[in-house]
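Colleague: Just need the structure, nothing else, for what follows:
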Amino acid sequence: MFTESLGQLNRDCRLLFGARVARMFGYGFLAVVLVLYLAALGYDATRIGLLLTLTLMGDTAISLWMSTQADRYGRRRMLFLGSLLVLGAGLVFIASGDFVVLLLAATIGVISPSGNEVGPFLAIEQSALSQIVADEQRTSIFAWYNLVGSFATAAGSLAGGGLATLGQQWGMTPLASYRIVLAGYALIGLVLALLFRQLGPAVEARPAPPNPRIASGSRLGLHRSGGVVLRLASLFAVDAFAGGFVLQSIVAYWFHVRFGADEAMLGMIFFGANLLAGMSALAASAIASRIGLVNTMVFTHLPSNILLMLVPLMPTMPLAILVLLIRFSISQMDVPTRQSYTMAIVSPDERSAAAGVTGTARTVGASLAPVCAGLLLSNPALMSGPFFVAGGLKIVYDLLLLAGFRGVKPPEEGPRA
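Modeller: Sure thing, here's the model as predicted:
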């Protein structure tokens, strides 16, 4: 049980959970209004898509360097630096409406257009948690780690949409109300910095014994597990590219244009969606203990992708919301299982690098999609295209993952391949 596991976690682990809550609240808080904010500044769908793509590409480069160097230069140091990038990006978005300035801030800073995890945080936190808990507890801890994050994102979505609506009811322009949300996002960067400053030395990587294979053949911090990590990373990139077509901010924009949903309604939609996503992540641990991590990833993901393609086929907003919520109720079971699986099949001294490389591959994949989605959204006849592209590509990913990795077992399921 999580309560028993939590009692065994030290203060540093509880701080990491707290940082996860604060960060994911901020991502959900901003994602509901981000595209609406850019549209209010006068940018069309194509330019918005370009900015979102470059935002994710910037996160990719930063995350890859920080996560693969964290064990060398210090995990606490990299987490603290990441929190400053959140703070800086939020402040620049408040201060300027110039497209080039926003582009630079989004590329260098940390902004989440999806409501999902971005930046170096996830890889570094996963490696720290994996060195504390036993193999048998890892998936359960990761499930709760994702659950609290989903609940925080849900609360952030509700708060962001509600705050923007409330500001407009008080006489603010939409643009001004969105800037209030951006100020809150910047403040969360400061909260993260304070939390990470309290972490102790126990979160740092344990020194590994000298290994000639690392000295002679290490790439991006990987040695023995390099091949399997690169195979996983290529598949994760396909999945993330598909997901980039249906970022939370893009889906929010689609509901706004298609059905006229206002900011408060969008906040409620994604509040419910993220609550259900969190519960689905929690259920993944129990399912994985019975059928295995890879099977859980694939056989819960396939139906969720079919449901995703059904959303734009619904004739009314209530039906579209219903299908979206059903989809979210099973869509995130692959997240803790994917994270746990990656940590399980690599050597302990490769965990930060493996999480960083696979996470970077996901960010690269996701970063390429919004500009394509923007082109589809700008054409009324193709506006629902992102849902179909995303669902179809995700199904391809599921089948390739099953074919390539069903024989590669984590320690708790059998011998490693």
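
Colleague: Quick check, pLDDT for Pro174.
Modeller: Pro174 is assigned 89 on the pLDDT scale.

Colleague: Next: Pro209.
Modeller: So, for Pro209, pLDDT stands at 56.

Colleague: Now the helix or strand that contains Asn295: average pLDDT?
Modeller: Assigned by DSSP states H and E, Asn295 belongs to helix 293-310. Averaging pLDDT along helix 293-310 yields 92.

Colleague: Now do it: distance to the chain's middle.
Modeller: Centre-to-centre, helix 293-310 and its host chain are 17 Å apart (C-alpha atoms, centre = their mean, to the nearest Å).

Colleague: Any buried residues in it, and which?
Modeller: 293-294, 296-301, 304-305, 307-310 (16 or more other C-beta atoms under 10 Å). The C-beta positions use only the backbone N, C-alpha and C, and glycine is treated the same way.

Colleague: which ones are touching Arg258?
Modeller: By C-beta atoms under 8 Å, 6 or more residues apart in numbering, the contact list for Arg258 reads 312, 317, 320, 383-384.

Colleague: and if we set it to 7 Å?
Modeller: Counting by C-beta atoms under 7 Å, 6 or more residues apart in numbering, Arg258 touches no other residue.

Colleague: would you say it is within a helix?
Modeller: Yes: assessed by DSSP: H, G, I helix; E, B strand; the rest coil, Arg258 belongs to a helix.

Colleague: separation between it and Val311?
Modeller: Distance of Arg258 to Val311, computed by C-beta to C-beta, to the nearest Å: 10 Å.

Colleague: Any buried residues in stretch 341-351, and which?
Modeller: Residues of stretch 341-351 classed as buried by neighbour count (16+ other C-beta under 10 Å): 341-347, 349-351.

Colleague: Give me the number of neighbouring residues for Glu136.
Modeller: By other C-beta atoms under 10 Å, the residues close to Glu136 number 10.

Colleague: Please look at it and Glu413 and confirm they touch.
Modeller: No: using C-beta atoms under 7 Å as the test, Glu136 is too far from Glu413 to be in contact (10.6 Å).

Colleague: C-terminal to the worst-scoring helix or strand of the chain on mean pLDDT, what's the next element?
Modeller: Least confident helix or strand, the chain: helix 212-217 with a mean of 47, by mean pLDDT, DSSP states H and E. Using DSSP H and E, the next helix or strand after helix 212-217 towards the C-terminus is helix 226-243.

Colleague: Run through the helices of the stretch 51-200 of the chain in chain order.
Modeller: Per DSSP state H, counting those that start in this stretch, the stretch 51-200 of the chain carries helices over the ranges 75-95, 99-108, 121-130, 135-169, 174-197.

Colleague: Deepest in the core, which of those is it.
Modeller: Highest mean neighbour count of the helices of the stretch 51-200 of the chain: helix 121-130, a mean of 25 (counted as mean count of other C-beta atoms under 10 Å).

Colleague: Taking helix 135-169 as reference, get the angle to it.
Modeller: Relative orientation of helix 121-130 and helix 135-169, computed by axes from the mean of the first three to the mean of the last three C-alpha atoms, to 10 degrees: 150 degrees.

Colleague: what's the offset of helix 121-130 from the middle of its chain?
Modeller: 14 Å.

Colleague: That one versus helix 75-95: what angle between them?
Modeller: Interaxial angle, helix 121-130 versus helix 75-95 (the same axes, to 10 degrees): 150 degrees.

Colleague: For helix 121-130, report the contacting residues that lie outside it.
Modeller: Everything outside helix 121-130 that qualifies as a contact, by C-beta under 7 Å, 6+ apart, is 13, 16, 20, 23, 63, 67, 70, 75, 78-79, 82, 138, 141, 145, 203, 339, 343, 351-352, 355-356, 359.

Colleague: Tell me who's in contact with Phe388.
Modeller: Counting by C-beta under 7 Å, 6+ apart, Phe388 has contacts Met309.
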